[in-house]
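Trainee: Predicted model and sequence follow; I will ask about them next.
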Amino acid sequence: MRRFDGKVAIVTGAASGIGAATLRRLASEGAAVVVGDIQDEAGEAIAQEIGAGGGEASFRHCDVADLSQVEALVEHAVSRYGGLDIMHNNAAWTGGGWVADLDPEVWQRSIQVMLTSVFYGCRAALPAMLERGGGSIVNTASIEAFGGEMLASPYSTAKAGVVNFTRNVAIEYGRKGIRANSICPGIVETPMYHQMETFAKHSREDMEQLSALGRLLQPDEIAAVVAFLCSEDASGITGAALVVDGGTTAFVNLGGHSPYSGSS
Ligand SMILES: NC(=O)c1ccc[n+]([C@@H]2O[C@H](COP(=O)([O-])OP(=O)(O)OC[C@H]3O[C@@H](n4cnc5c(N)ncnc54)[C@H](O)[C@@H]3O)[C@@H](O)[C@H]2O)c1
């Protein structure tokens, strides 16, 4: 018996990075999985890959910033697979810049895609989970929920909101069998990371110095923890903001230097 046999899961932003790794992980442990993403080709491709490997998977175009599309995504999972047990709200897009120069439209879109979307995902998924008698929600936040980053105010603001919104869902629905947790990754090597590297002009070595493990995390390492949170192994965990960061937040960053710079 695999941990997710008979379960149905939706992962948003699953055409790439952490979402794709989570989708593969949940499917490999028996879940029927639905990809919700705006990248149609990559979304279809991962659903087909899972299907070709003997799993159950389908893609549906979904802009998570649009409530009607998120509702349609949930309806698709329920009509095709008979219900919904797991919702991983994971998609993200952000812009950034100095606060005084930040385009209000960039701010609005970032908050819409990273925070309002999580509300939409939970709002749409909860009735289906209640129908099923329970479920598990995992929302992707970030270690930036706990501190700011230069030129990234929409991102860290949205992620802080995700952590507290998730606590609200946990306390409202815990007695109805639904657990809700956020996951707070550190620096993970995904396409989004590579964009950040270019945008912020940090070298890979600089980023590795920010980790106690001395390396970037891989999407599979986040997916394994999301799967844990979705599983009965985590039956006692709700309302948590679980940090998976290779130790990046374990040290105080004095003077902007990694504690490892200058040491071997
Ligand atoms: N990579 C990191 O270092 C890191 C660290 C902390 C948190 N995170 C978070 O992890 C999550 C996944 O990021 P990733 O690094 O895998 O990035 P990624 O760029 O590989 O994947 C993001 C996915 O979201 C999709 N997406 C973007 N806008 C969307 C929209 N409006 N509707 C639906 N889908 C949309 C993209 O098409 C893409 O498939 C995000 O919430 C991100 O903020 C990433």
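Mentor: Okay, I see it. Only a predicted model underlies this, so the values are computations on that prediction, with no experimental measurement involved.
Trainee: Can you give me the distance of residue 162 to residue 246?
Mentor: Residue 162 sits 20 Å away from residue 246 when distances are taken as C-beta to C-beta, to the nearest Å. For the C-beta atoms, the positions are set from N, CA and C on the backbone; glycine is no exception.
Trainee: what about residue 23, how many neighbours?
Mentor: Per other C-beta atoms under 10 Å, the neighbour tally for residue 23 reads 32.
Trainee: one step back: the more surrounded of residue 162 and residue 246?
Mentor: Using other C-beta under 10 Å, the more surrounded residue of residue 162 and residue 246 is residue 162, with 25 against 21.
Trainee: what's the closest non-adjacent residue to the more buried one?
Mentor: What sits nearest to residue 162 in space, not counting adjacent residues and going by C-beta to C-beta, 6 or more residues apart in numbering, is residue 141, at 4.3 Å.
Trainee: Grab the longest strand from the protein for me.
Mentor: strand 178-185 (DSSP state E).
Trainee: Confirm that residue 150 sits in a strand.
Mentor: No - counting by DSSP: H, G, I helix; E, B strand; the rest coil, residue 150 is not part of a strand but coil.
Trainee: could we number from 40 for the rest of this?
Mentor: Shifting the count to begin at 40 puts that one at residue 189.
Trainee: for the ligand, what are the nearby residues on this structure?
Mentor: 51-52, 54-58, 76-78, 101-104, 129-132, 152, 179, 181, 224, 226-227, 229-232 (C-beta under 6 Å from any ligand atom).
Trainee: Show only the entries of those residues found in strands.
Mentor: Using DSSP E, the subset of those located in strands is 51, 76, 179, 224.
Trainee: OK, contacts around the residue nearest to residue 201?
Mentor: Residues near residue 180 by C-beta atoms under 8 Å, 6 or more residues apart in numbering: 198, 199, 201, 202, 205, 221, 222, 223, 280.
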